[in-house]
Each structure stands twice: as C-alpha cells, then as structure tokens.
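only geometry, no sequence info:
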C-alpha cells in the first residue's frame, strides 16, 4: 500500500513556486508566445518564467520585441501570482467560491503573506488582496495619463496596467522596447514618481499595510515589525538618494540638470531595493555608486512583501543586536519593545545562508569567464530579486543561467526556506549536550 506524501508548509510553498515556474516555462516556450512564431529554447523560457515568477526582472530577451501579446500576458500573470504568492491567489479562489480554508493552507499563508500568527491570517490575506488591487488600479490610472497620449488608447492602457503590476510586484519587466528599461524616460516626473510609489507600496509588506488600515497614523499602536520596516525604509531611501546624488553627479548623472539628477538619485535608491527598473546604465556607475548598489540590493524590501533581498527588518535586527552588544546590553530593544532571542538567531541564520548562496552563485559565474564585479552584481541582483544588470544577462553561458535561475528561486522563496524544504525535520532531543565556549572575533 503506497504511503501518501505529506508536505509541510515550507515544502508546499517551495514546490508551488517550482511548479509555477515550470508551467510558465512551458507556456513561454510555445511558438505563439514569440512575435516571430519561433519558439525559444526551453532553458531560456524557464529562465524568463523564473525571473517573472520570482519578481526579479533579469531577462535574456527584450520583453516588448521578443514576446507576442500572449507571451506578455503570461509574463504579467506570472509576475502577479509570483508577487502575491501562489497560495494567496488560491485563497482568493476559495473565498470567491465560499470554501473553507484548511489549517494546512493557513500555515502556508503565514509564510506567504508574512503573518506572525495563524489566527487572522485569512483576514490579512483579504487585506493584502485589497491593497494590491487598489494600488495597482490607481497606479494604472495614473500611468495611463502618461502612456495613452504617447502610444494610443489601447496600447497605452495595456502598458499602464503592465507597468503598474510590474512596479508594485517589484518585478522590473518593461515594454519600452529599448532594452535599457526606463532610461529614455529618466526626465519624466509623473512616470518616475508613480513607479517609485508603487515599488515602495509593494515593498513595505502586507503586515505593514494591515497596521495602516487598522490604526492609521497612530504610530504607537503599530506592531514592532511595522515600525521597524517603515522607519528603516525611510532612512535607507533618504540616505541612498543623497549618496547617489553626490557620488554620481560627475559620473552616471553627468550632463543632466540638477532637478533631473535629484529625480534619478531618488529613483536609483528605490529601484536598488529589489525593483529592477532603471533610468541609468548600471555599468556607468562610479565604484562608490556600485558599492552602494551592492549594499542596497543586499538589504532589499520588507518581509511578507512583493520584494526580495535579505529584508530590511532582518538587517535592522542584526544592526540593533550589534549595537546592543557594543553597548554591553543584554537585551535588544527598539521602540520600547524587546526583540526575543529566537528572532535574533533566525536573522543571523537567514543572512548567513543568503550570503553563502550569493557567493556560491558568484563563483559559478566567475568560473565561466565573467569578471568579478559583473558576477557579483549579477549574483546579488538575482538572489535579491532585484533584476538590475550590468549588461551580462543576455550573454550568460548555459551553466550560469541555471546558477542565476536557482539564485532567483532561493531569493524569492527564501534561502532558509529552500534549505528547510530539502532537509528532514528532526524532533528536539530530550537531553542536550554540555555547553562550552569558543573564541569569537
């Protein structure tokens, strides 16, 4: 008698993303997914599907010129489902059909939408879907004001919807057809500001939006998670924009007026944190600007959001822990609350696995002849689901494509989640070993 395979919540989340990527790859490999009617290699189709499902934006082809309207719709659906999470979309179907949500599916939802507890996870999912619909809808309307006069009503509306979803989901796919993202529209305030706002809204996380909808501007009543995400996100954005303005004024932002430099600096600070859109060639950044990009791409967006990266709240926990240790404080405090020890341990473990996966992928790219700076940029961009590149994605060798694909997958699902999905769960031993100290530092 065959035994039924039972997957835990982490394994279900990992397998669902893998199946979504595979299905997307099959559809994008069809002949009528391409404009010229010639199917692309399955590896390239799988890479594109992974980039869309993992809301990354790294692409082997220009989306507008390579893919037909059918192919573009497939990519858009992959972005939407990947940004919200497969289980979130399935819960939407269950709610519409008025079906009961099982306990196992609620457990998977906790990881998908970033809930802190099982109770209320369906309500949080409803709000996540509501916020997504409102943000993408308003974003599409505002973008239509810019696109329709330039591309006509039909094409303009389609481009407005596509870019609104791509921006909110932090995906970075565009339909400009230039191969250089938004660089031709770097001086357009409406387009740039709307795209930035959508990126920020998607990157905050659904738990933050739940606090905003519940408590409004009463900051003191927010969860500690929401306070940390909002404060650190604002600080990183402001510091990043100022740093880019001063480091790139004579480099990537040279020969443009000061107001446009400020707009480009702000956009670069926002898009570096997992969005993937670009108004400047990343290869023209100064060494200081490139190093800043590494840092911002590594940090990423908030947990339970459409963005990736090590997560701003995770990095904040590490910084707060380090400051507490320097000040010889036993507790890690923030906003008159104490972070529990398990949270600190999880933050260190998560970042360690994230960094090791990134360096392993970078090594594979270097072994295939890609220079260290380009390989490191590509690796951080892939595992952080950023989608920015220095122009090497389209020419990646076969093995490097698979390495980048796996990094995008690990970055979206979570390096720790992928590791936990392939390891067997062991019960805690009743007897523990005798502790002993080792030297640190």
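Arrived safely. No experiment lies behind these values; they were computed from the predicted model shown.

just checking, residue 406 touches residue 358?
No. In this structure residue 406 lies outside contact range of residue 358 using C-beta atoms under 8 Å: 11.3 Å. The way it works is simple: take the backbone N, C-alpha and C, and place the C-beta from them, glycine included.

of those two, who's got more company?
residue 358 (24 against 18; other C-beta atoms under 10 Å).

I'd say the more buried one and residue 378 touch.
No. If you go by C-beta under 8 Å, residue 358 and residue 378 don't touch, sitting 10.3 Å apart.

For the helix or strand hosting residue 125, list every residue counted as buried.
Taking DSSP states H and E as the criterion, residue 125 maps to helix 121-151. For helix 121-151, a neighbour-count test (16 or more other C-beta atoms under 10 Å) marks 121-122, 124-125, 127-129, 131-132, 135-136, 139-140, 142-144, 146-148, 151 as buried.

what does stretch 70-85 contact?
13, 17, 20, 24, 27-28, 30, 32-35, 48-49, 52-55, 63-64, 67, 89, 112-113, 128-129, 132, 161-162, 165-166, 168-171, 173, 175, 202, 306, 412 (C-beta atoms under 8 Å, 6 or more residues apart in numbering).

Quick check: end-to-end length of stretch 266-285?
With C-alpha to C-alpha, to the nearest Å as the measure, stretch 266-285 spans 15 Å from end to end.

Work out the gap between that stretch and the centre of the chain.
14 Å (C-alpha atoms, centre = their mean, to the nearest Å).

buried ones in it?
Those would be 266-280, 282, 285, for stretch 266-285 by 16+ other C-beta under 10 Å.

So which of these belong to helices?
Per DSSP state H, helices hold the following members of these: 266, 267, 268, 269, 270, 271.

Let's have the residues you listed in TSV, adding distance to residue 241 and pLDDT.
Listed next are these as TSV, based on distance: C-beta to C-beta, whole Å; pLDDT from 0 to 100:
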residue	distance to residue 241	pLDDT
266	5	95
267	9	95
268	8	94
269	4	95
270	8	94
271	11	93
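
per-residue confidence averaged over stretch 226-244?
Averaging pLDDT along stretch 226-244 yields 94.

Flag every buried residue along it.
Under the neighbour-count criterion of 16+ other C-beta under 10 Å, stretch 226-244 has 226-230, 232-233, 236-237, 240-241, 243-244 buried.

Next: stretch 26-36.
Quick answer for stretch 26-36 (16+ other C-beta under 10 Å): 27, 28, 29, 30, 33, 34.

just stretch 177-184 next, same as before
181, 182.

Please apply the same query to stretch 69-85.
71-72, 74-85.

Out of these, name the ones that lie in helices.
71-72, 74-84.

Generate a markdown table for these, with distance to residue 321 and pLDDT as supplementary columns.
Output for those, formatted as a markdown table (distance: C-beta to C-beta, whole Å; pLDDT from 0 to 100):
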| residue | distance to residue 321 | pLDDT |
| --- | --- | --- |
| 71 | 46 | 95 |
| 72 | 45 | 95 |
| 74 | 43 | 95 |
| 75 | 40 | 95 |
| 76 | 40 | 94 |
| 77 | 40 | 92 |
| 78 | 37 | 93 |
| 79 | 35 | 93 |
| 80 | 36 | 90 |
| 81 | 35 | 87 |
| 82 | 31 | 85 |
| 83 | 30 | 83 |
| 84 | 31 | 79 |
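
which of these lies closest to residue 198?
Proximity of these to residue 198 (C-beta to C-beta) peaks at residue 83, which lies at 11.3 Å.

gap between the nearest residue to the closest one once chain neighbours are set aside and residue 356?
In this structure, residue 83 finds its nearest non-sequential neighbour in residue 169, 3.0 Å apart by C-beta to C-beta, 6 or more residues apart in numbering. According to C-beta to C-beta, to the nearest Å, residue 169 stands 27 Å off from residue 356.

same deal with residue 368?
Distance from residue 368 to residue 356, by C-beta to C-beta: 20 Å.

Between the two, which has more neighbouring residues?
Ranked by neighbour count (other C-beta under 10 Å), residue 368 and residue 356 place residue 368 first, with 15 against 12.

Would you mind listing where the chain has pLDDT under the threshold?
1-9, 86-121, 415-428 (pLDDT under 70).

picking that back up, which other helices and strands does the helix holding residue 125 contact?
helix 69-84, helix 86-96, helix 103-113, helix 153-168, helix 189-204, helix 206-215 (3 or more C-beta pairs under 8 Å, 6 or more residues apart in numbering; DSSP states H and E).

between it and helix 189-204, how many degrees?
For helix 121-151 against helix 189-204, the angle by axes from the mean of the first three to the mean of the last three C-alpha atoms, to 10 degrees is 160 degrees.

Give me the distance from helix 121-151 to the chain's centre.
Centre to centre, stretch against its chain (C-alpha atoms, centre = their mean), the figure for helix 121-151 is 18 Å.
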